[in-house]
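In: Okay, predicted coordinates and the sequence, questions at the end:
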Amino acid sequence: MTSTEVSELQRTIGQLRLCVASLRSRYGDTPAVRRLDNDVERIGIDACDLSAAPVAPAPRGPVELDVVHIPDTPYDPALWHGADDEGVGGYQR
């Protein structure tokens with residue numbers, strides 16, 4: 001992250017802390033306010049970890065997929081000998 005991005009992030013986290021403090025003064029120490037306070041604290045910790053990271057990881061390149069060709073010809077009925085169709089109740093014998 002650039003120093004501008006880090007500064008903007010830290011400023012925004014500071015504003016969030018002020019908003020949560022304002023909510024606490026209005027609603028008291030309710031579970032919802034405590035969760036918000038906890039969330040802002042976690043965001044601050046993650047922001048510090050991110051700004052301390054040496055370099056952003058390189059993006060992954062395109063993934064080559066193996067193409068499996070499925071023929072249009074009917075399957076050999078012996079493949080299905082003894083198999084049940086789910087939800088149908090099995091083959092009639």
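Out: Good, I have the coordinates.
In: any idea which helix is longest in this structure?
Out: Ordering each helix of the chain by length in residues (DSSP state H) puts helix 3-27 first.
In: So what's the gap between that helix and the chain middle?
Out: Helix 3-27 sits 24 Å away from the centroid of its parent chain (Cα atoms, centre = their mean, to the nearest Å).
In: other SSEs contacting that helix?
Out: Applying 3 or more Cβ pairs under 8 Å, 6 or more residues apart in numbering; DSSP states H and E, we find helix 3-27 packed against helix 31-52. In this view, the C-beta of every residue, glycine as well, is placed from N, C-alpha and C.
In: send the alpha carbons of the helix it packs on over as PDB?
Out: Only the C-alpha atoms of helix 31-52 are listed here, as PDB (Å, rounded to 0.1, in the frame of the first residue of the first chain):
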ATOM      1  CA  PRO A  31     -24.100  -5.700  22.700                       C
ATOM      2  CA  ALA A  32     -24.500  -4.100  19.300                       C
ATOM      3  CA  VAL A  33     -22.200  -1.200  20.300                       C
ATOM      4  CA  ARG A  34     -19.600  -3.600  21.800                       C
ATOM      5  CA  ARG A  35     -19.600  -5.600  18.500                       C
ATOM      6  CA  LEU A  36     -19.100  -2.400  16.500                       C
ATOM      7  CA  ASP A  37     -16.300  -1.400  18.800                       C
ATOM      8  CA  ASN A  38     -14.700  -4.900  18.400                       C
ATOM      9  CA  ASP A  39     -15.100  -4.700  14.600                       C
ATOM     10  CA  VAL A  40     -13.400  -1.300  14.400                       C
ATOM     11  CA  GLU A  41     -10.600  -2.600  16.600                       C
ATOM     12  CA  ARG A  42     -10.100  -5.600  14.300                       C
ATOM     13  CA  ILE A  43     -10.100  -3.400  11.300                       C
ATOM     14  CA  GLY A  44      -7.400  -1.300  12.900                       C
ATOM     15  CA  ILE A  45      -5.300  -4.400  13.600                       C
ATOM     16  CA  ASP A  46      -5.700  -5.700  10.000                       C
ATOM     17  CA  ALA A  47      -4.800  -2.300   8.700                       C
ATOM     18  CA  CYS A  48      -1.600  -2.300  10.700                       C
ATOM     19  CA  ASP A  49      -0.800  -5.800   9.500                       C
ATOM     20  CA  LEU A  50      -1.400  -4.800   5.900                       C
ATOM     21  CA  SER A  51       0.700  -1.600   6.100                       C
ATOM     22  CA  ALA A  52       3.500  -3.600   7.600                       C
END
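In: Thank you kindly, that will do.
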